[in-house]
Each structure stands twice: as C-alpha cells, then as structure tokens.
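1. Quick check, what structure comes out for this input:
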Amino acid sequence: MGKKVLVLASNVGLWAEELQAPWDALKKAGHDVTLATHKGLKPLPMQISMNPDFIDPFQNYNVNPQEVVDRTHELLQNGEWDNPIKIQDAKMSDYDSIVIVGGPGSALDLVGNPNVHDLLLEAFQADKMIGALCYAVGAFVWTRNPENGKSIIYGKNVCAHPKQWDFKDDMTYDLVGTEGENAGTNLVTRGFVFPLQVVVEDAVGPEGKVTSDYTANREKPCVEYDWPFVTALSVESSIAFGDKLVEVLESR
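-> Below you'll find the model as predicted:
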C-alpha cells in the first residue's frame with residue numbers, strides 16, 4: 001500500500017535531478033507524493049543543473065545526463081510540479097514520511113526555515129521516515145531534540161556534501177522558466193552559504209558518523225540509512241537516494 005510522502009523543494013535554487021529522481025522513484029512505486037515549497041510556487045531548477053554540457057569543476061565530469069534534462073523538462077511541462085502547497089501550511093500528521101531535496105537554494109529557503117524544523121521534529125517524534133539529499137541535510141543540524149537540546153541526527157550515521165566539492169567563487173541562482181512572482185533570487189553568494197560537512201560532523205557528535213566521500217560518482221553513489229534517516233551525498237547519488245527511500249518505505 002502506498003504511503004503519503006511530503007517532499008520539500010527550494011524556490012530559489014533546486015538542482016534538477018535531486019527532485020526528479022526521488023520524485024519519479026516514489027511515484028513509480030505507487031506512493032502518494034505531495035510537493036511543498038516555501039512560497040507555494042513551482043520549484044524551478046537552476047540553469048546549470050539543466051545544462052547537459054555542464055562539467056562539474058571539482059568532479060570533472062558531466063553531472064547532468066541528457067536523459068535527466070529531458071525528463072525534468074517533461075515534469076516542468078506536464079504540470080506535476082505546478083501546484084505545491086506552502087511549507088508553512090503542511091501538517092506532518094497528514095503524512096507518513098518527509099523528504100527534503102537539495103540544490104544550492106535549499107541552503108537559502110529550507111535549511112534554516114523554522115517551519116521545516118517543526119515538520120522534521122514532529123516526524124522524528126512520531127518515528128516516521130525522514131530523508132534528505134545534498135545540502136538539505138543541513139536542516140537536520142538546526143532541528144533540535146527538546147529532550148537533550150542536541151540535533152535530531154546526534155549519534156546517527158549520515159551523508160554530507162564533501163567540503164572538497166563546495167563551490168568557492170561568486171555564485172548566482174539563475175533558474176529555468178522564471179515568470180512573474182516565481183523569479184527566484186538575484187542574490188550572489190561567495191560559494192555555498194555555509195560548509196555543510198563540518199556542521200554535520202558537529203551535529204552527529206562523537207558517537208555518530210558522517211560519510212563525505214569525494215570520490216563518489218554515478219557508478220559509486222553514496223547513501224546512508226540509519227532509521228529514521230535516509231541521506232545521500234549530492235546529485236550523483238539522486239537515483240540511489242530515491243531507490244533507498246522506496247526500499248525503506250516498503251520495509252516498514
């Protein structure tokens with residue numbers, strides 16, 4: 001029987017495959033997927049994540065296969081992502097699990113969002129599956145367990161985007177298909193907003209473990225499962241992340 005899954009995505013910098021792959025995996029498995037964003041507007045992918053010729057400067061290979069770009073264009077045009085709810089209107093009691101997908105914009109409107117923290121804490125306390133991909137893992141750091149004041153991932157094994165892959169130059173958040181109020185942001189940041197790996201290492205504490213394998217790639221994706229958390233490294237692990245979400249949901 002399909003589960004009800006709440007999927008959170010950024011309005012200011014989604015990486016295309018990081019929503020497309022888990023979205024398609026969950027839908028194909030028969031789960032009832034609800035999309036939510038901060039503004040309640042369609043999540044638009046960053047232009048560089050829709051460029052099939054983009055070579056990641058740190059991984060030195062093409063991270064956006066043509067089939068991923070084509071499928072994302074299809075999802076943008078067929079209406080599946082057109083009407084997300086606002087994150088602030090979502091109620092965790094309506095869902096069996098919550099998944100946050102990544103992209104550089106997730107650090108701007110998801111990771112520090114108190115409404116996201118409330119949803120994560122409620123899912124954690126209700127023993128529901130919680131997934132996060134790439135920089136969205138940062139939301140776990142700031143979601144605190146009121147019983148001990150520590151992060152909800154304290155003592156857990158999780159993935160975190162490697163510091164070796166963090167962009168360090170000026171960075172814009174140009175999106176595909178902007179129109180009207182759904183225009184993203186003209187913010188320019190010096191690389192990513194914060195270094196994810198080090199804050200996650202602090203959050204899990206001495207008894208936890210952080211996997212940040214900078215040699216990961218499509219043939220060697222990186223996903224960690226430590227109930228209730230499913231986490232994955234970055235775009236190269238998007239398919240494996242979606243597959244693990246489905247596997248865990250079907251095992252519970």
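
2. Next, give phi and psi for Ala139.
-> Backbone torsions for Ala139, taken as degrees, to the nearest 10, come to phi -60, psi -30.

3. what about it, how many neighbours?
-> Residues lying near Ala139 (other Cβ atoms under 10 Å) number 24. Every residue, glycine included, has its C-beta placed from N, CA and C.

4. Excluding chain neighbours, what is closest to it?
-> Nearest residue to Ala139, sequence neighbours excluded (Cβ to Cβ, 6 or more residues apart in numbering): Val111, at 4.8 Å.

5. does that neighbour count as helix, strand or coil?
-> coil (DSSP: H, G, I helix; E, B strand; the rest coil).

6. That one and Cys134, how far apart?
-> The gap separating Val111 from Cys134 is 11 Å, by Cβ to Cβ, to the nearest Å.

7. returning to that earlier point: count the residues that sit near the residue nearest to Ala139.
-> With other Cβ under 10 Å as criterion, Val111 counts 27.

8. try the one 5 residues further on
-> Burial measure for Val116: 26 neighbouring residues, criterion other Cβ under 10 Å.

9. For the residue nearest to Ala139, give me its contacts.
-> 135-136, 138-139, 141-142 (Cβ atoms under 8 Å, 6 or more residues apart in numbering).

10. quick one, helices of the stretch 101-250 of the chain?
-> Listed in chain order, the helices of the stretch 101-250 of the chain (DSSP state H, counting those that start in this stretch) span 106-109, 114-125, 138-142, 196-204, 238-251.

11. Out of these, which gets nearest to Val68?
-> Within these, the stretch nearest Val68 is helix 238-251; the backing value is 8.4 Å (Cβ to Cβ).

12. Glu236: which of the contacts of Val111 is nearest?
-> Nearest to Glu236 among the contacts of Val111: Tyr135, at 14.1 Å, using Cβ to Cβ.

13. Leu41 contacts Gly184, doesn't it?
-> No. Using Cβ atoms under 8 Å, Leu41 makes no contact with Gly184, being 9.7 Å away.

14. Thank you, goodbye.
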